[in-house]
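> Following is a predicted model, sequence given first.
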Amino acid sequence: MPRQIRLNAFDMNCIGHQSPGLWTHPDDRADSYNTLEYWTDLARTLERGKFDALFLADVLGIYDVYQGSPRTALEQAVQVPVNDPLMVVPAMAAVTEYLGFGITCALSYELPYPFARRMSTLDHLTKGRVGWNIVTGYLDSAARGMGMPRQVAHDDRYDVAEDYMQAVYKLWEASWEDGAVLRERAGRRFADADKIHRILHEGPHFKVDAIHLCEPSPQRTPVLFQAGASKRGRDFAARHAECVFINGPSKKIVGGIVADLRQRAAQAGREPSDLVIFTMITVITDTTGKAARDKYQDYLGYVSEEGALALMSGWTGVDFGAMRPNDVVRFDDKANAQTSALEAFTTADPDREWTVAQIARHAAIGGRSPVLIGSAAEVAEQLRSWVEKTDVDGFNLAYALTPGSFADVADLVVPELQTRGLFKQDYAPGTLREKLFGRGPRLPGSHPAAAVRRTS
């Protein structure tokens, strides 16, 4: 039986996500991101296409590395304005039954105690369809907004993350025992207090002395996504993540990252299959290959390469506005942003050099992702090839236009994948974790979170 492909839609609660400038296309609806109708309509479209989840990116701070100013990002809506991603999830959950929601939240700027409550609340409201994309942040502008002079150094942010995870694991997994909730109306007894415990966590960065405010949600700990592909990020993913989001401009680069992640998971005592790995892809498709290529050419008339460089400058910490278009981009080990973003265009593929102009053109549609263009059959074949040659499990699908790019995949590509036996015919029952892994709603006993659980 062929390996089935996982699909997430990749969006953000903003106007210009991964394709700067395309919000100006007459068929794009991204500028209605601040309405509930945008999100509920999108959720219905994705569930129609049996997408596994909507993966919501987020960033705190403004992209102000390019030319040392936020002007380009502000004028061209490069991931600003950007609203809170958690707020739109309950509305989408109300109009769907199966679609999962992976939500990016940076742990660097929110204490574990209130954050654990927010995620438990969403897990309750979605009936167990929530995942958390664990990130540490990468913009100094975010740190300044939180009263800090600059963000913590890249590798040190992962030390903070390790401590943070231990704190939230204890709140989610150890505060309320199984059977603590009684709901005994006759005896006016909602819970057994003897089975509810105060958490004492004293780590190098966080201290928690509290009872978790929420009764156990369907998954307790949300499905754990992780999107850091640096060497330190991969070590973190190997220990904690269930799903890993990576990206790169070629199969060679992505395949190397996947192999390294699976090896690190094995070294951490986990099965390589414990990681479901998604890479970012942008699909432009239509009823024929020619129509898809015509569509792509049309889109090129609306892109902003300057906006793309503002994005790339923020991601890498390198000011591309201070370089000439034909300058070759080199790795800078002093950059304190997403080191994996810079590696993808420098050291990851020694056979290719990227100039600033080439990066601008590449990133103008789909950000750092490759762009697949063709009929549904052509795209399905390309997706199959990516899975076979890189060992990824699926794709985070960025959009060129929204919701059109997602609707095209749902209505054209998904049926083609299903015909080839490469995509599910229907959703599996249960929580997001059960759908993804075919096991119970809670983290397995091999996961570090299981070590803090109480046994009675």
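Happy to help now that I have it. Because the structure is predicted, anything quoted here is derived from the model rather than measured.
> and the residue lying closest to residue 107 once chain neighbours are set aside, how many neighbours?
Residue nearest to residue 107 in three dimensions, not counting chain neighbours: residue 164, with 4.6 Å by C-beta to C-beta, 6 or more residues apart in numbering. Yep, even glycine has a C-beta here, placed from its N, CA and C like the rest. Residues lying near residue 164 (other C-beta atoms under 10 Å) number 22.
> Would you confirm that residue 164 contacts residue 207?
No. Between residue 164 and residue 207 there is no contact under C-beta atoms under 8 Å: 11.8 Å.
> Any idea how many residues pack against the closest residue to residue 402 other than its chain neighbours?
Of all residues not flanking residue 402 in the chain, residue 30 sits nearest, at 5.1 Å (C-beta to C-beta, 6+ apart). By other C-beta under 10 Å, 22 other residues sit near residue 30.
> Equivalent analysis for residue 174, please.
18.
> cool, and residue 50?
Neighbours around residue 50, by other C-beta under 10 Å: 18.
> did I read that right, residue 281 in a strand?
Yes. Using DSSP: H, G, I helix; E, B strand; the rest coil, the assignment for residue 281 is a strand.
> List the contacts of the residue nearest to it when sequence neighbours are not counted.
Nearest non-adjacent residue to residue 281, counting by C-beta to C-beta, 6+ apart: residue 395, 4.5 Å away. By C-beta atoms under 8 Å, 6 or more residues apart in numbering, the residues touching residue 395 are 5-8, 278-281, 383, 386.
> what pLDDT, on average, does stretch 374-392 get?
For stretch 374-392, the mean pLDDT works out to 97.
> List the buried residues of it.
Within stretch 374-392, the residues that qualify as buried by neighbour count (16 or more other C-beta atoms under 10 Å) are 374-384, 386-387, 390-392.
> before we move on, what about stretch 27-43?
So for stretch 27-43, counting by 16+ other C-beta under 10 Å, buried means 28-30, 33, 38-43.
> quick one: average confidence on that stretch?
On average, stretch 27-43 scores 98.
> and it, how far out from the chain's middle?
19 Å (C-alpha atoms, centre = their mean, to the nearest Å).
> where exactly do the helices run in the stretch 1-150 of the chain?
36-48, 71-76, 89-94, 112-125, 140-145 (DSSP state H, counting those that start in this stretch).
> And stretch 248-258, what's buried?
For stretch 248-258, by 16+ other C-beta under 10 Å, it's 248-249, 251, 253-255, 257-258.
> likewise stretch 186-203?
Going by 16+ other C-beta under 10 Å, stretch 186-203 has these buried residues: 195, 197, 199, 201, 203.
> Now secondary structure, pLDDT and distance to residue 407 too, for these, in CSV please.
Converted to CSV, the buried residues of stretch 186-203 look like this (DSSP: H, G, I helix; E, B strand; the rest coil; pLDDT from 0 to 100; distance: C-beta to C-beta, whole Å):
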residue, secondary structure, pLDDT, distance to residue 407
195, helix, 97, 48
197, coil, 98, 48
199, strand, 96, 45
201, strand, 97, 45
203, coil, 97, 46
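> quick check, nearest of these to residue 61?
Nearest to residue 61 among the buried residues of stretch 186-203 is residue 203, at 25.5 Å by C-beta to C-beta.
> That closest one - nearest residue in space that isn't next to it in sequence?
Closest to residue 203 by C-beta to C-beta, 6+ apart is residue 163, at 3.9 Å.
> by contact count, what packs against the strand or helix carrying that neighbour?
Element membership of residue 163 [criterion: DSSP states H and E] is helix 154-174. When contacts are defined as 3 or more C-beta pairs under 8 Å, 6 or more residues apart in numbering; DSSP states H and E, helix 154-174 sits against helix 112-125, strand 199-202, strand 207-210, helix 231-240.
> Kindly export the second one (C-alpha atoms) in CSV.
Once non-C-alpha atoms are left out, strand 199-202 reads as follows in CSV (Å, rounded to 0.1, in the frame of the first residue of the first chain):
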residue,chain,number,x,y,z
ILE,A,199,2.5,21.7,40.9
LEU,A,200,5.9,22.7,42.3
HIS,A,201,8.4,23.5,39.5
GLU,A,202,11.7,25.2,40.2
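> secondary structure class for residue 374?
Going by three-state DSSP, the state assigned to residue 374 is strand.
> mind listing what it touches?
With C-beta under 8 Å, 6+ apart, residue 374 has these contacts: 285, 289, 292-293, 382.
> Likewise for residue 131?
53, 100-103, 222-225, 242-243, 432.
> If you tally nearby residues, what's the number for residue 150?
11.
> should've said residue 219
27.
> if we can go back for a sec, taking the contacts of residue 395 one by one, which sit in strands?
Judged by DSSP state E, strands contain the following of these: 6-8, 278-281.
> ok, which pair from those residues is furthest apart?
The farthest-apart pair in those, when distances are taken by C-beta to C-beta, is 6 and 280, at 12.9 Å.
> surely residue 127 meets residue 430?
No. Assessed by C-beta under 8 Å, residue 127 is found out of contact with residue 430, at 9.5 Å.
> More neighbours: which of the two?
residue 430 (20 against 15).
> and that one, what does it touch?
128, 441.
> what separates it from residue 110, distance-wise?
29 Å (C-beta to C-beta, to the nearest Å).
> I'd say residue 440 and residue 434 touch.
Yes. Using C-beta under 8 Å, residue 440 makes contact with residue 434 at a distance of 6.8 Å.
> tell me which residues in the helix or strand encompassing residue 293 are buried?
Taking DSSP H and E as the definition, residue 293 sits inside helix 289-300. Residues 289, 292, 295-296, 299 are the ones in helix 289-300 that count as buried (16+ other C-beta under 10 Å).
> mind checking the SS state of the closest residue in space to residue 328 that isn't next to it in sequence?
Excluding its sequence neighbours, the residue lying closest to residue 328 (C-beta to C-beta, 6+ apart) is residue 353, at 4.9 Å. Assigned by three-state DSSP, the conformation of residue 353 is coil.
> number of nearby residues for residue 353?
Residue 353 has 12 nearby residues by other C-beta under 10 Å.
> Kindly report the same for residue 146.
14.
> That one - nearest residue in space that isn't next to it in sequence?
Nearest non-adjacent residue to residue 146, counting by C-beta to C-beta, 6+ apart: residue 109, 4.9 Å away.
> correct me, but that neighbour touches residue 144?
No. If you go by C-beta under 8 Å, residue 109 and residue 144 don't touch, sitting 11.4 Å apart.
> still on that earlier bit, let me know which of the helices of the stretch 1-150 of the chain is the nearest to residue 214.
helix 112-125 (3.7 Å).
> Show me what that closest one is in contact with.
Residues contacting helix 112-125 (C-beta under 8 Å, 6+ apart): 86, 89-90, 93, 101, 103, 105, 107, 129-130, 132, 164, 167-168, 171-172, 201, 206, 208, 210, 212-214, 217-220, 222.
> any weak-confidence spans in the stretch 351-456 of the chain?
351, 456 (pLDDT under 70).
> Specify the beta-bridge partners of residue 279.
residue 246, residue 395 (DSSP bridges).
> how about it, what does it touch?
245-248, 254, 258, 369, 386, 390, 392, 395-396.
> One more pass at 7 Å, please.
Counting by C-beta atoms under 7 Å, 6 or more residues apart in numbering, residue 279 touches 246-247, 254, 390, 392, 395.
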